[in-house]
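1. Quick one, fold the following:
(one chain, ligands or ions: 2)
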Amino acid sequence: MNVLLTGGMGYIGSHVAVTLLQAGHRVILYDNLRNSEAGILARIAKITGQTPVFIQADIRATKTLTDTLQQHTVEAVLHFAGLKAVGESAQKPVEYYANNVEGTISLMQAMQEAEVRSLVFSSSATVYGEPRYLPLDEAHPLAATNPYGRSKLHIEEMLRDLSISDPLWRVISLRYFNPAGAHESGLLGEKPVAVPNNLMPYMARVATGELKELSVFGNDYPTPDGTGVRDYIHVMDLAEGHMAALFWLAEHPGWHTLNLGTGQGYSVLEMVAAFAKASGRAVPYRIAPRRKGDVAACYADPEKARRELGWQARRDLAEMCASAWKFQKQLQTG
Ligand code: NAD
Ligand code: UD1
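-> Numbers count the residues shown, from 1 in each chain. Ligands and ions are numbered 1, 2, ... in the order given. Purely as a prediction, here's the structure:
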């Protein structure tokens, strides 16, 4: 199958590209490198022995996108391109709506023009807002608490309208829980930002000694040890979930939503212990005030994905930590 990955040079897209290439599919990566780098291509090639087609362009360049879909006889699109920092989205809402929402409108136009009507969208558990019950199933009411989350909700609504307008469309929105870990080679992983916001990349920097200590945001939540509980899912499990969804879609026209999570929640302190064990390094921490906007616990009911796709996460927390650590060390040694 010829598959185009918008944002395919990013953290999740690059892992999905590897999974698709290794399964014998043709992959076209379409990315403006806003949050990634050209060197990813060589790393994908080193792992798979194949260099995918790469188009450096913005998804808002509708004509370029249409031409790419046509020239490469693309059969399906996986749509990863987007801005994803929650805090930044509150500072720059217009940029987030322009990139994420306008970008998706452009993609829908290009796909209509090129008559490509299969789409897998990268959504997030953030569309459930503050959990009213746990685990979160796909029927949980939707809400947004920040512009990033709202951009995902707007996009889901647009894609749903599109699927209803024409029975030839098949669209699935995958709601990721907390992607973590890296490819087992240590060649691909989450691109480090100056000071990471997310727990796993932050811990990795503490373990190397680049950052002094982890601030644990709150230990007075109504959870077993008082710290926040999340559903961390290995990025390679996520990648396999995308491939399963892509082929399932071939038999299922219309609009669909699906959680990609493990169903298992871990607290911040459990994560600290697991990372220290995997790395063999201490992860010093101190208890800090709660972070604004955080919820006590958030984890998936992954049953629909298991039932529909026959997919479930296979890799455990130890593998997530070990692979993230391997990637971090590889970054240090170059
Ligand atoms: P990432 O930033 O590593 O990858 C996104 C890629 O999209 C980058 O390579 C970036 O250069 C590209 N991009 C951004 N805007 C673009 C544009 N206008 N045109 C072309 N390319 C553009 O992020 P990721 O972690 O791989 O996330 C991929 C998707 O999954 C995003 O839509 C994100 O919102 C969603 N998601 C991520 C997480 C997570 O924790 N990583 C959780 C839930 C949902
Ligand atoms: C955040 C985003 C979410 C996004 C996800 C993955 C918010 C409110 N939500 O989720 O939309 O989909 O990232 O990119 O930002 N923690 C610490 N110390 C730290 C960092 C985190 O204690 O330095 C704790 C948090 O309080 C939380 C857990 O670790 O309990 C996980 O945090 P994080 O990795 O940032 O993910 P989420 O907040 O779940």
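2. Any figure for the gap between the closest residue to ligand 1 within the stretch 1-150 of the chain and Ala245?
-> As assessed by CB to the nearest ligand atom, ligand 1 sits closest to Gly10 within the stretch 1-150 of the chain, at 1.9 Å. Heads up, the C-betas are built off the backbone N, CA and C, glycines and all. Separation of Gly10 from Ala245 (CB to CB, to the nearest Å) stands at 18 Å.
3. Phi, psi for Tyr285 please.
-> When read as degrees, to the nearest 10, the backbone of Tyr285 gives phi -150, psi 160.
4. If you could redo that for Ile28, that was the one I meant.
-> Given degrees, to the nearest 10, the pair of backbone angles that Ile28 has is phi -120, psi 120.
5. That one: what's it in contact with?
-> Contact analysis of Ile28 by CB atoms under 8 Å, 6 or more residues apart in numbering lists Asn2, Val3, Leu4, Leu5, Gly8, Pro52, Val53, Phe54, Ile55, Thr68, His72, Val74.
6. Please settle this for me: is the third one part of a strand?
-> Going back to what we said before, that points to Leu4. Yes - per DSSP: H, G, I helix; E, B strand; the rest coil, Leu4 lies within a strand segment.
7. Mind pulling up the pLDDT for it?
-> pLDDT for Leu4: 98.
8. Could you say whether Asn259 sits in a helix, a strand or coil?
-> Asn259 - assigned by three-state DSSP - is strand.
9. What of the one 3 residues further on?
-> Here Thr262 takes the coil state, with states given by three-state DSSP.
10. ok, it touching Asp231?
-> Yes - the pair Thr262 and Asp231 passes the contact test of CB atoms under 8 Å, sitting 5.7 Å apart.
11. where do the contact lists of those two overlap?
-> Phe177, Tyr299, Ala300.
12. Dihedrals phi and psi, the last one?
-> Read it as Ala300. Dihedral angles for Ala300 - degrees, to the nearest 10 - are phi -90, psi 150.
13. and the gap between the residue nearest to it when sequence neighbours are not counted and Asn178?
-> Setting aside the residues directly before and after it, Ala300 is nearest to Gly261 in space (CB to CB, 6 or more residues apart in numbering), at 2.8 Å. Gly261 sits 8 Å away from Asn178, going by CB to CB.
14. Overlap of the contact sets of those two?
-> By CB under 8 Å, 6+ apart, Gly261 and Asn178 have these common neighbours: Ala125, Asp231, Ile233.
15. Next up, the contacts around the first one.
-> Right, Ala125. Leu136, Arg175, Tyr176, Phe177, Asn178, Asp231, Asn259, Gly261, Cys298, Ala300.
16. Which residues of the stretch 151-300 of the chain lie near ligand 1?
-> Within the stretch 151-300 of the chain, the positions near ligand 1 by CB under 6 Å from any ligand atom are Tyr176, Pro179, Lys191.
17. Which single residue in the stretch 151-300 of the chain comes nearest to ligand 2?
-> For the stretch 151-300 of the chain, CB to the nearest ligand atom, closest residue to ligand 2: Gly228, 2.3 Å.
18. beta partners of Ala300?
-> Using DSSP bridges, the beta-bridge partners of Ala300 come out as Leu136.
19. mind pulling up the phi and psi values for the residue lying closest to Leu260 once chain neighbours are set aside?
-> Closest residue in space to Leu260, ignoring its immediate chain neighbours: Gly241 at 4.7 Å, by CB to CB, 6+ apart. Backbone torsions for Gly241, taken as degrees, to the nearest 10, come to phi -60, psi -40.
20. can you give me the helices for the stretch 1-150 of the chain?
-> 11-22, 40-48, 62-71, 86-91, 93-96, 103-114, 147-165 (DSSP state H, counting those that start in this stretch).
21. Just the pLDDT for Gly87.
-> Looking at Gly87, its pLDDT stands at 89.
22. dump the residue contacts of it.
-> Asn197.
23. again with the one 3 residues further on
-> Taking CB under 8 Å, 6+ apart as the definition of contact, the neighbours of Ala90 are Asn146, Pro147.
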